[in-house]
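**Q** Need coordinates for the below:
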Amino acid sequence: MDDYDNEYGGWEDELSSSGHFMDDNDQEPDDGAVQSECLVNFSRKDYIMEPEVFKDLQRYFRAGGAPEQVVELLSENYTAVAQTVNLFAEWLISTGVNAAEVQQMVENHMKGLILKHFDPKKADSIFSDEGETPAWLENMIQHSTWRALFYKLAEEYPECLMLNFTIKLISDAGFQGEITNISTACHQIEIFSRVLRTSMSKLLEGSEEFDKQLPEFTKMVCHGEHTYLFVQTLLQVLGLDQQAASVIRRLTEELQKSATEKSYDVSGLSLALTSAALYPRACQAIASMLSRNALNPADITVLFKMYSSPDPPPVELIRIPQLLEIFVQTFFKPGTKLHPEHKHKYVFVLAYAVSVHESWQQGQRLSINKDEVKPTSQALERVHNICSNERKGATELVAETQVLYQCIRYPIVGVGVLFWISQTVSEPSYFQRLTDHTPLHLALLDEISSCHPLYHSSVLLLLVDLFEKVYPDLQELVQLELKKTLLDRMVHLLSRNYVVPVIQYIKKCVDKQDTDISLIRHFVTEVLEMIAPPYTSEFVQLFLPIIENEDITGTLRSEDGKDPVSDFIVHCKTNFIMMN
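**A** Residues are numbered from 1 along each chain as shown. Below you'll find the predicted structure:
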């Protein structure tokens with residue numbers, strides 16, 4: 001609490017260090033006007049706390065002002081706000097409140113006041129008045145609390161020169177890793193390059209934090225056309241290195257997906273960064289479908305002829321995420337019909353895009369493997385016939401179960417069936433017509449989870465959406481049974497090693513207290529039946545609070561303590577140090 005004394009305690013020395021108040025080379029144009037201006041400043045509340053007080057004192061005395069009046073104004077208007085805050089803080093600490101909590105309380109209040117009253121014009125005037133970087137600003141950026149404040153302000157006032165300069169100072173000080181979501185950084189190539197280098201280094205390392213870091217990375221890159229073009233061009237060059245090619249490809253496609261979700265048309269740029277220029281007919285056909293966001297027989301025919309030729313174009317041309325998504329929606333949307341004369345062309349192009357493997361070196365194709373094109377085409381056609389037939393009821397679909405289970409092992413069929421399921425079960429009347437305890441569509445989600453670990457997040461998102469939905473036309477008991485069925489699918493996901501996201505969602509339901517306790521109890525019972533030590537610390541930190549909740553597990557415990565709930569609690573307490 002001695003910050004004020006340390007910063008301003010020696011103001012007398014600062015005034016006297018120059019040896020005199022007046023500089024012979026400086027002359028004020030009007031002594032009376034200078035005195036009046038300074039007196040107005042001295043009359044402001046707590047002006048003695050302002051850094052400008054030293055300069056105004058020099059100007060006032062240089063203009064012949066009377067010391068008595070200065071002392072009177074500064075003392076009368078001194079309300080000691082800062083010192084009062086320090087006093088209250090010391091009182092809180094004396095009563096037993098943790099000093100760190102008190103400091104955080106004061107800092108949060110100050111941050112709120114600054115955010116509420118910040119004036120970018122006054123902030124910009126700091127540099128024009130002082131002519132150099134204020135010492136207090138350099139001190140502030142050394143603390144994470146105030147850096148976070150500058151990030152928020154920079155987002156709200158992107159045109160403020162003082163904030164732009166501060167962001168550069170933060171980057172120069174080595175904190176560029178924190179600036180991933182700051183739009184200001186996107187307008188300064190030096191800062192943007194540093195931030196980009198730091199972010200990409202973390203992503204290319206393939207750490208477990210990849211999925212957490214990716215959203216901030218895509219947000220920063222998709223801030224504008226210039227940042228998107230800059231990064232995609234850079235990734236195209238880096239992708240030439242085979243060691244990092246797969247990660248680079250993932251980043252490139254994630255950026256394309258993010259830009260498309262923001263309604264940016266990047267199809268032309270995506271094609272330009274590939275070898276599309278060497279194949280103008282294919283490029284034109286693909287660009288046409290991307291611009292319309294729909295397939296058409298004429299363009300598909302062009303691609304079919306080119307890719308069925310002895311020397312086809314590179315497969316990467318038709319692996320643009322947006323194009324593949326259009327294919328999936330066309331093939332697997334319930335009720336979609338393909339023209340019989342062109343159906344085999346649609347099937348071939350999609351099968352070729354997802355199953356062909358090529359080896360390239362220095363722009364030359366060394367090999368091409370098409371072994372999987374035919375079986376993939378057959379699987380696509382068989383499942384398309386099932387998914388596109390809206391007239392098939394539950395009984396007819398059960399007869400097709402073996403076909404679906406056989407074909408789901410193909411990744412493209414798996415993602416297509418997942419899309420078909422999401423479209424089907426989203427129909428308001430779907431669950432009203434059901435009589436089975438576990439509908440075929442939900443049972444298929446288990447098979448998709450088992451065959452394709454990369455689809456786990458998509459399956460969980462669908463299950464969460466269905467679980468949180470309100471079904472006003474269903475009786476309450478029927479709704480509970482349906483939600484238990486959905487929880488069983490989540491338990492299966494957990495058994496397929498998708499543990500933490502599932503437990504995080506259930507813990508969120510418990511914390512929000514908006515889910516029937518019997519459903520949480522059902523989930524806990526199912527999970528305890530299938531798990532056994534050893535457990536990871538992260539799992540225990542998430543699951544133990546749920547298990548310890550008496551409302552949830554009270555009826556599952558026995559008096560002798562020989563039950564799964566008690567065994568789990570004892571094991572965790574014995575082997576883990578719990579953090580609040």
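**Q** give me the low-pLDDT residue ranges for the stretch 351-500 of the chain?
**A** Within the stretch 351-500 of the chain, the stretches with pLDDT under 70 are 390-395, 434-436.
**Q** so where do the strands sit in it?
**A** For the stretch 351-500 of the chain, the strands defined by DSSP state E, counting those that start in this stretch occupy 357-361, 364-369.
**Q** how far out from the middle of the chain is the helix or strand hosting residue 74?
**A** Assigned by DSSP states H and E, residue 74 falls within helix 67-76. Its chain's C-alpha centre and that of helix 67-76 lie 55 Å apart, by CA atoms, centre = their mean, to the nearest Å.
**Q** ditto for stretch 133-145
**A** Stretch 133-145 has its C-alpha centroid displaced from the chain centroid by 28 Å (CA atoms, centre = their mean).
**Q** What residues sit buried inside stretch 147-155?
**A** Along stretch 147-155, these residues count as buried under the neighbour rule (16 or more other CB atoms under 10 Å): 147, 149, 150, 151, 153, 154. From N, CA and C alone the C-beta is placed, and that goes for glycine too.
**Q** Generate CSV for the residues you listed, with secondary structure as supplementary columns.
**A** Output for the buried residues of stretch 147-155, formatted as CSV (DSSP: H, G, I helix; E, B strand; the rest coil):
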residue, secondary structure
147, helix
149, helix
150, helix
151, helix
153, helix
154, helix
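**Q** Out of these, which is nearest to residue 472?
**A** Nearest to residue 472, judged by CB to CB, of those is residue 151 at 43.9 Å.
**Q** Could you verify my assumption that that closest one touches residue 166?
**A** No - with contact defined as CB atoms under 8 Å, residue 151 does not reach residue 166; the gap is 9.7 Å.
**Q** which residues touch the closest residue to residue 92 other than its chain neighbours?
**A** Among residues not flanking residue 92 along the chain, residue 102 sits closest, at 5.0 Å (CB to CB, 6 or more residues apart in numbering). Listed by CB atoms under 8 Å, 6 or more residues apart in numbering, the contact set of residue 102 reads 89, 92, 93.
**Q** Narrow the residues you listed to just the buried residues.
**A** With burial judged by 16+ other CB under 10 Å, the buried subset of the contacts of residue 102 is 89, 92.
**Q** could the contacts of residue 102 be laid out in TSV, adding distance to residue 303 and secondary structure?
**A** What follows is the contacts of residue 102, written out as TSV (distance: CB to CB, whole Å; DSSP: H, G, I helix; E, B strand; the rest coil):
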residue	distance to residue 303	secondary structure
89	70	helix
92	71	helix
93	72	helix
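**Q** any idea which of the contacts of residue 102 is the one closest to residue 253?
**A** For those, the residue nearest residue 253 by CB to CB is residue 89; the value is 51.9 Å.
**Q** pretty sure the closest one contacts residue 107?
**A** No - assessed by CB under 8 Å, residue 89 is found out of contact with residue 107, at 11.0 Å.
**Q** And the strand or helix carrying residue 162, what does it pack against?
**A** Per DSSP H and E: residue 162 is located in helix 161-172. Applying 3 or more CB pairs under 8 Å, 6 or more residues apart in numbering; DSSP states H and E, one finds that helix 161-172 contacts helix 120-130, helix 135-140, helix 144-156, helix 189-204.
**Q** Contacts only, for residue 414.
**A** 408, 448, 451, 452, 455.
**Q** What is the nearest of the residues you listed to residue 326?
**A** Closest to residue 326, out of all of these and judged by CB to CB, is residue 455, at 18.9 Å.
**Q** do you know how far that closest one is from residue 498?
**A** As judged by CB to CB, to the nearest Å, residue 455 and residue 498 stand 10 Å apart.
**Q** Can you work out which residues contact both of those two?
**A** Counting by CB under 8 Å, 6+ apart, the common neighbours of residue 455 and residue 498 are residue 449.
**Q** Tell me how far residue 425 lies from residue 374.
**A** Going from residue 425 to residue 374 by CB to CB gives 32 Å.
**Q** got it, and residue 247?
**A** Residue 247 sits 31 Å away from residue 374, taking CB to CB as the criterion.
**Q** Of the two, which one has the most company?
**A** A count of neighbours by other CB atoms under 10 Å puts residue 247 above the other of residue 247 and residue 374, at 18 against 12.
**Q** Export only the CA atoms of the helix or strand hosting that one, formatted as PDB.
**A** Under the criterion of DSSP H and E, residue 247 resides in helix 245-261. Presented in PDB, the C-alpha positions along helix 245-261 are these (Å, rounded to 0.1, in the frame of the first residue of the first chain):
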ATOM      1  CA  ALA A 245       2.300 -30.900 -44.100                       C
ATOM      2  CA  SER A 246      -0.600 -32.600 -42.300                       C
ATOM      3  CA  VAL A 247      -0.900 -29.900 -39.500                       C
ATOM      4  CA  ILE A 248      -0.500 -27.100 -42.100                       C
ATOM      5  CA  ARG A 249      -3.300 -28.600 -44.100                       C
ATOM      6  CA  ARG A 250      -5.500 -28.800 -41.000                       C
ATOM      7  CA  LEU A 251      -4.800 -25.100 -40.300                       C
ATOM      8  CA  THR A 252      -5.500 -24.100 -43.900                       C
ATOM      9  CA  GLU A 253      -8.900 -25.900 -43.900                       C
ATOM     10  CA  GLU A 254      -9.900 -24.600 -40.500                       C
ATOM     11  CA  LEU A 255      -9.200 -21.100 -41.700                       C
ATOM     12  CA  GLN A 256     -11.300 -21.700 -44.800                       C
ATOM     13  CA  LYS A 257     -14.100 -23.100 -42.700                       C
ATOM     14  CA  SER A 258     -14.000 -20.200 -40.200                       C
ATOM     15  CA  ALA A 259     -14.000 -17.600 -43.100                       C
ATOM     16  CA  THR A 260     -17.000 -19.300 -44.700                       C
ATOM     17  CA  GLU A 261     -18.900 -19.400 -41.400                       C
END
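**Q** Residues contacting that helix, please?
**A** 200, 203-204, 206, 214, 217-219, 221-222, 228, 231-232, 235-236, 238-239, 241, 266, 270, 320-322.
**Q** can you rerun that using 6 Å?
**A** 204, 218, 221, 222, 235, 238, 239, 266, 270, 321, 322 (CB atoms under 6 Å, 6 or more residues apart in numbering).
**Q** what's the angle from it to helix 189-204?
**A** 120 degrees (axes from the mean of the first three to the mean of the last three CA atoms, to 10 degrees).
**Q** buried residues in helix 245-261?
**A** Quick answer for helix 245-261 (16+ other CB under 10 Å): 247, 248, 251, 252, 253, 254, 255, 256, 257, 258, 259, 260.
**Q** which two in those are spaced the farthest apart?
**A** It's 247 and 260 that sit farthest apart of the buried residues of helix 245-261, by CB to CB, at 20.5 Å.
**Q** before we move on, back to that, list the ones among the contacts of residue 414 that fall in helices.
**A** In this view, the contacts of residue 414 that belong to helices under DSSP state H are 448, 451.
**Q** and which of the contacts of residue 414 is nearest to residue 188?
**A** The shortest approach to residue 188 among those belongs to residue 455, at 39.6 Å (CB to CB).
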